[in-house]
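K.L.:
this one's sequence-less:
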């Protein structure tokens, strides 16, 4: 009798094992894409996000870049209409294009030149010139919600390459930057903090 019970037990166990190892069960793997400097290779479906499938450039107007001690006080500096580094001299920056794709990839297209600053190297003068790696044209990844978005990848940025959540030397932790945003039709307002206690950068971008 005991042998009969043991035989039934082993038969049931074998049936369970076979059922659980059915080759017809689907294998689920995350979607991938973009080079992202090796840090942003996994993409996600962002098709429902308000920025999905949209491209943006820095608005070609005075005040499109601002920085200040708080989000409501951006008085330290603003992109000037005249003088050094004014908006007229920055056509190489205002033609840079930043694209949020619905599959979670994010692209930076800087063209032949972009705006350079001295923090990028001793041989770099402030003005238009060829992009300096890693802040160059390339593909990365992004994700977000209704008020923020995060860019991931080596050298990734929007509008201004130097500022991130830790510093103003273009070297964010984990090659990741989080921004706050407000979208109003053809205008995208972006806010960045963390580089200095309480301070904020502000960028105004126009839809392409």
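P.N.:
Everything's here; your move. A quick note: this is a predicted structure, and the numbers were derived from the prediction, not measured.

K.L.:
Quick check: beta-bridge partners of the most centrally placed residue in the chain?
P.N.:
Centroid check for the chain by C-alpha atoms, centre = their mean gives residue 151 as the closest residue, at 1.8 Å. Beta-bridge pairing of residue 151 under DSSP bridges involves residue 142, residue 177.

K.L.:
okay, it: pLDDT?
P.N.:
The model reports residue 151 with a pLDDT of 98.

K.L.:
now residue 122
P.N.:
82.

K.L.:
go on, residue 32?
P.N.:
pLDDT, read off for residue 32, is 34.

K.L.:
And the strands in the chain, which stretches?
P.N.:
54-58, 65-68, 77-78, 97-100, 105-109, 114-116, 127-129, 138-144, 148-152, 176-184, 187-193, 200-207 (DSSP state E).

K.L.:
Could you identify which of those strands is most buried?
P.N.:
strand 138-144 (a mean of 23; mean count of other C-beta atoms under 10 Å). The C-beta positions use only the backbone N, C-alpha and C, and glycine is treated the same way.

K.L.:
quick one, it and strand 148-152 angle?
P.N.:
Relative orientation of strand 138-144 and strand 148-152, computed by axes from the mean of the first three to the mean of the last three C-alpha atoms, to 10 degrees: 150 degrees.

K.L.:
and of the strands of the chain, who's closest to residue 162?
P.N.:
Ranking the strands of the chain by proximity to residue 162 (C-beta to C-beta) places strand 200-207 first, at 9.3 Å.

K.L.:
related to what we said a few turns ago, would you turn the strands of the chain into a markdown table with distance to residue 162?
P.N.:
Converted to a markdown table, these look like this (distance: least, C-beta to C-beta, whole Å):
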| stretch | distance to residue 162 |
| --- | --- |
| strand 54-58 | 14 |
| strand 65-68 | 11 |
| strand 77-78 | 13 |
| strand 97-100 | 15 |
| strand 105-109 | 14 |
| strand 114-116 | 10 |
| strand 127-129 | 15 |
| strand 138-144 | 17 |
| strand 148-152 | 14 |
| strand 176-184 | 11 |
| strand 187-193 | 11 |
| strand 200-207 | 9 |
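
K.L.:
Out of those strands, which is closest to residue 44?
P.N.:
strand 138-144 (5.7 Å).

K.L.:
doesn't residue 155 make contact with residue 135?
P.N.:
Yes. When contacts are counted by C-beta atoms under 8 Å, residue 135 is listed as touching residue 155 (4.6 Å).

K.L.:
State the distance from residue 196 to residue 79.
P.N.:
Distance check for residue 196 against residue 79: by C-beta to C-beta, to the nearest Å, it reads 19 Å.
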